[in-house]
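> the sequence and its predicted three-dimensional model are supplied below.
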Amino acid sequence: MPEPRRVRLFRIGRNQAVRIPVEFELPGDDAIMYRDGDRLVIEPVRKRGLVAMLKTMKPMDDDFPEIDDPVPARENMF
């Protein structure tokens with residue numbers, strides 16, 4: 001883990017910004033920021049897994065036709 005480093009704060013319009021040094025770069029294009037007491041924490045957005053994605057999906061209201069799909073006959077292999 002890199003040593004703590006002093007960074008400069010600056011303004012972009014009405015927003016305060018900080019330049020993140022290369023050794024502290026986060027993966028991706030999004031991050032989550034929150035306060036923890038007097039600390040400001042910036043974390044990378046974790047890629048969501050399949051279960052999380054499926055929880056966001058809504059059930060389909062479509063009626064699907066019944067399909068005749070019988071079990072194949074057993075074959076004698078020997």
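It's in.
> okay, CA-based contacts and neighbour counts for the rest of this
Noted.
> show me where this protein has helices.
For the chain, the helices defined by DSSP state H occupy 50-56.
> how about the strands in it?
9-12, 15-18, 31-36, 39-44 (DSSP state E).
> any idea how far the third one is from the chain center?
Its chain's average C-alpha position is 15 Å from that of strand 31-36, according to CA atoms, centre = their mean, to the nearest Å.
> what's it packed up against?
strand 39-44 (3 or more CA pairs under 8 Å, 6 or more residues apart in numbering; DSSP states H and E).
> so which of the strands of the chain comes closest to Thr56?
Thr56 lies closest to strand 31-36 among those, at 19.7 Å (CA to CA).
> and the angle from that closest one to strand 39-44?
Between strand 31-36 and strand 39-44, the angle comes out at 160 degrees (axes from the mean of the first three to the mean of the last three CA atoms, to 10 degrees).
> strand 31-36 pairs with which strands?
strand 39-44 (antiparallel) (DSSP bridges).
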